[in-house]
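K.L.:
output the structure for:
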Amino acid sequence: MIIQALCDYYQRKASDPDSGIAPEGFETKELPFIVVIGNNGQFIAIEDTREGEGKRKRAKKFLVPQGVKRTVGINANLLWDNVEYALGANPRGRDDVSQRHQAFKNRLVMELAGINHHSDVKALLFFLTNDPVSQIEAKPDYGELWQEMQESNAFISFRIDGSKDPLISDSIRSFLKNRKMTSNVENEKKSCLVTGNQSEITRLHTAIKGVRGTNTSGGSLVSFNLSSFCSYKKTQSYNAPIGNEAAFAYTTALNLLLSKESENKFGIGDATVAFWSQRKAEEYDLEQDFSCFFADPPKDDPDKNIRAVRNLYQAVYSGILPVDDDNQFYVLGLSPNAARIAVRFWKTGRISDFAQNIKQHFDDLEIVKGPKDHEFLTLNQLLRATVLDYKMENVPPNLAGAVMESVLDGTPYPRTLMHQCIRRIRAEQHVTRTRAEQHVTRTRAAILKAYLNRLNPNHKEVDVSLDKSNQCPGYRLGRLFAALEKIQEEASPGLNATIRERYYGAASTSPVTVFSQLLKLKNHHLAKLTNPGRKVNLEKIIGEIFDSISEFPAHLNMEEQARFAIGYYHQRQAFFESNKNEPDNSK
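P.N.:
Alright, predicted model coming up:
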């Protein structure tokens, strides 16, 4: 299913002349240097295609014949390669450089035999057989570039001086398109698992690049590199027979989705997520905004995510989103696994279904917020709020993928998310006062609210803001704790620490052990208040909360601890909001 969907995506992009996707037998490759030679086969110059400054330099991309997949043997690319293969340079002091360079020349002679009379091909072969390294070193003007090429063992290609074509491969592209791809093994035609047609089976699939944590050379999505993975005495990818056309299509499509410039990917936890739609949507383009719901906004456009969520709500409420459209949407989560790539999750469904589930996710997260809080919370923001120092590398490996699956499927969030959030709240209760004021943040309260409400989607358990009718013990006790803390703050302004730093953990887990002491402290703090009206207001709040508390529980389970945190947060926010329906007796 994954490979079939990727093949369909390749066909979709190939039908668009502006997509820039490589045709069969080719690939786009960054080539930092181009060696320019004359019509007589003599070295002319080195062109530096890189743009930018310092480490931000990026090489220009060119369309070149598809590269080979190298293992431990010698295998050369056609018309482009690193300086060891293409020129015979030896920057790493290898013993087999001469064999590598000879393999490069042999492939040129073998595959371009049909056009060996072409002037560009003749010039290139003459240049390569006349000590190209000595020719380059004979021109000191290019000494610095030549040194960079060797140090990085850079990929290069060739161009004829004065030609209108960027590379020699461009001048003979029509021939290259019609040539038969060479292979070290002649394969008989078999039924392709993807297309069902009789086709030559690909032995080694092109490496997939762009998945964070994999080797720089990429990893394999389809791989059988150990005998325990194989069956019926078949080796390598013959265990999953995929024809050359389908193998090229799915690897090219996935590499395009995962490329540096791609807007169809983002990172979440240890996973790299690629997404695409079956066809371009005419009404609401989920493909355009999808990453904004999960990843952080770009630094040069911090409001991009806000606009995306607003577009989503507008599409749902205005009817732009067609509910009967069968346009499929695909989400593929990948993670590194040595030289192979593991599929973390794979989700398919209609665009309308995904859009509705994502909207429901934001509805579930909605909670009263301060004026400086983000309007909408991305998945990365949620995950960072549950770990030490708000760093993504501290997120448990499987949590990010599990939460994202819950969002896309519209199912309850993983229990681990709630546990992580509560543990983080309790862990930060003893830090300095500046940070402690934020230990039950809007983000954490939103996580807990969303988790509880999704446990029973038919019953809205927790409201967006303060709910005085909520009779849950945990919620009531959280409100009570916030009220007691507020009384202490007003009685002793400027305290370095409040009851939160000392008692929050015990109050939220074993209320019976601390609330009696806190109520005694409350009387002491109320006696310090000089404004009688304010004292009456605070006592009314305490009385209203106490109205449904018959006794303090000996223990609160994890769900009640979540309600405690939400009640605490709601009550704290209520203190910061002016109640226009009631007179303010404190003035």
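K.L.:
now do the helices in the stretch 201-350 of the chain.
P.N.:
Per DSSP state H, counting those that start in this stretch, the stretch 201-350 of the chain carries helices over the ranges 244-257, 286-289, 304-318.
K.L.:
how about those in JSON lines, adding mean neighbour count, mean pLDDT and distance to residue 177?
P.N.:
(Each C-beta comes from the backbone N, C-alpha and C, glycine too.) Listed next are the helices of the stretch 201-350 of the chain as JSON lines, based on neighbours: other Cβ atoms under 10 Å; pLDDT from 0 to 100; distance: least, Cβ to Cβ, whole Å:
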{"stretch": "helix 244-257", "mean neighbour count": "24", "mean pLDDT": "94", "distance to residue 177": "13"}
{"stretch": "helix 286-289", "mean neighbour count": "20", "mean pLDDT": "92", "distance to residue 177": "30"}
{"stretch": "helix 304-318", "mean neighbour count": "16", "mean pLDDT": "92", "distance to residue 177": "39"}
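K.L.:
break down the stretch 1-150 of the chain into its helices, ranges please.
P.N.:
Using DSSP H, counting those that start in this stretch, helices in the stretch 1-150 of the chain cover 2-14, 83-87, 97-111, 119-128, 132-137, 143-152.
K.L.:
do you know how far the spatially most central residue of the chain is from residue 400?
P.N.:
When Cα atoms, centre = their mean is applied to the chain, the residue found nearest the centroid is residue 267 (1.5 Å). Going from residue 267 to residue 400 by Cβ to Cβ, to the nearest Å gives 9 Å.
K.L.:
try residue 417
P.N.:
10 Å.
K.L.:
residue contacts, residue 354?
P.N.:
Residues in contact with residue 354 (Cβ atoms under 8 Å, 6 or more residues apart in numbering) are 286, 329, 331, 347, 408.
K.L.:
go through the host helix or strand of it and flag the buried ones.
P.N.:
Using DSSP states H and E, residue 354 sits in helix 351-365. Residues 351-362, 364-365 are the ones in helix 351-365 that count as buried (16 or more other Cβ atoms under 10 Å).
K.L.:
what average pLDDT does the helix or strand following it get?
P.N.:
Counting by DSSP H and E, the next helix or strand C-terminal to helix 351-365 is helix 379-384. Averaging pLDDT along helix 379-384 gives 94.
K.L.:
so where is the stretch 451-587 of the chain shaky, pLDDT-wise?
P.N.:
Confidence mapping of the stretch 451-587 of the chain against pLDDT under 70 gives the ranges 457-460, 578-587.
K.L.:
run the last query once more with 80
P.N.:
Residues of the stretch 451-587 of the chain meeting the criterion pLDDT under 80: 456-460, 578-587.
K.L.:
try the stretch 201-350 of the chain
P.N.:
Counting by pLDDT under 80, the stretch 201-350 of the chain contains low-confidence ranges at 216, 225-230, 232-233, 235-237, 282, 321-325, 338-339.
K.L.:
can you give me the strands in it?
P.N.:
In the stretch 201-350 of the chain, the segments counted as strands under DSSP state E, counting those that start in this stretch are 265-268, 271-277, 328-337, 340-350.
K.L.:
need the contact partners of the last one.
P.N.:
Residues external to strand 340-350 that are found in contact with it (Cβ under 8 Å, 6+ apart): 1-2, 5, 208, 211, 214, 219-221, 223, 225, 271, 325-336, 354, 401, 404-405, 408-409.
K.L.:
report the distance from it to the chain centre.
P.N.:
Between the centre of strand 340-350 and the centre of its chain there are 13 Å (Cα atoms, centre = their mean, to the nearest Å).
K.L.:
and it, what's buried?
P.N.:
Quick answer for strand 340-350 (16+ other Cβ under 10 Å): 341, 344, 345, 347, 348, 350.
K.L.:
rewinding a little: using CSV, lay out the strands of the stretch 201-350 of the chain together with distance to residue 569.
P.N.:
Shown next, in CSV, are the strands of the stretch 201-350 of the chain (distance: least, Cβ to Cβ, whole Å):
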stretch, distance to residue 569
strand 265-268, 26
strand 271-277, 30
strand 328-337, 32
strand 340-350, 31
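K.L.:
out of the ones you listed, which gets nearest to residue 306?
P.N.:
strand 265-268 (16.7 Å; Cβ to Cβ).
K.L.:
list of residues touching the closest one?
P.N.:
Against strand 265-268 from outside (Cβ under 8 Å, 6+ apart): 210, 212, 257-258, 272-275, 291, 294-295, 333, 379-380, 383, 400-401, 404.
K.L.:
distance check, residue 218 against residue 245.
P.N.:
Distance from residue 218 to residue 245, by Cβ to Cβ: 21 Å.
K.L.:
go on, residue 8?
P.N.:
Look at residue 8 and residue 245: by Cβ to Cβ, they are 13 Å apart.
K.L.:
mean confidence for stretch 391-410?
P.N.:
92.
K.L.:
now find how far off-centre that stretch is within its chain.
P.N.:
With Cα atoms, centre = their mean as the basis, stretch 391-410 stands 11 Å off its chain's centre.
K.L.:
report the buried residues of that stretch.
P.N.:
Buried residues in stretch 391-410, counted by 16+ other Cβ under 10 Å: 395-396, 399-408, 410.
K.L.:
equivalent analysis for stretch 375-394, please.
P.N.:
376, 377, 378, 379, 380, 381, 382, 383, 384, 385, 386, 387.
K.L.:
want to throw those into TSV with distance to residue 240?
P.N.:
Compiled in TSV, the buried residues of stretch 375-394 are given as follows (distance: Cβ to Cβ, whole Å):
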residue	distance to residue 240
376	42
377	41
378	36
379	33
380	34
381	39
382	37
383	34
384	38
385	41
386	38
387	38
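K.L.:
residue 79: which of those is nearest?
P.N.:
Set against residue 79, the nearest of the buried residues of stretch 375-394 by Cβ to Cβ is residue 380 (42.1 Å).
K.L.:
now that closest one, nearest residue through space, not along the chain?
P.N.:
Excluding its sequence neighbours, the residue lying closest to residue 380 (Cβ to Cβ, 6 or more residues apart in numbering) is residue 296, at 5.1 Å.
K.L.:
and the one you found, how many residues sit next to it?
P.N.:
Look at residue 296: counted by other Cβ atoms under 10 Å, it has 18 neighbours.
K.L.:
what residues go with each domain of this structure?
P.N.:
Per automatic domain parsing, the structural domains of the chain span 26-178, 412-576.
K.L.:
can I get those domains in JSON lines with distance to residue 306?
P.N.:
Shown next, in JSON lines, are the domains of the chain (distance: least, Cβ to Cβ, whole Å):
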{"stretch": "domain 26-178", "distance to residue 306": "28"}
{"stretch": "domain 412-576", "distance to residue 306": "16"}
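K.L.:
quick one: these as CSV, columns for distance to residue 13 and mean neighbour count too.
P.N.:
Below are the domains of the chain laid out as CSV (distance: least, Cβ to Cβ, whole Å; neighbours: other Cβ atoms under 10 Å):
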stretch, distance to residue 13, mean neighbour count
domain 26-178, 12, 16
domain 412-576, 35, 18
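K.L.:
closest to residue 190 out of these?
P.N.:
When the domains of the chain are compared for distance to residue 190 using Cβ to Cβ, the nearest one is domain 26-178, at 19.9 Å.
K.L.:
next, the distance between the ends of that closest one.
P.N.:
Terminal residues of domain 26-178 are spaced 12 Å apart (Cα to Cα, to the nearest Å).
K.L.:
and stretch 189-196, by the same measure?
P.N.:
Chord length of stretch 189-196, first to last residue, is 12 Å (Cα to Cα).
K.L.:
phi and psi next, for the spatially closest residue to residue 567 that is not a sequence neighbour.
P.N.:
Excluding the flanking residues, the one nearest residue 567 by Cβ to Cβ, 6+ apart is residue 478, at 2.8 Å. As for residue 478, its main-chain torsions (degrees, to the nearest 10) stand at phi -60, psi -40.
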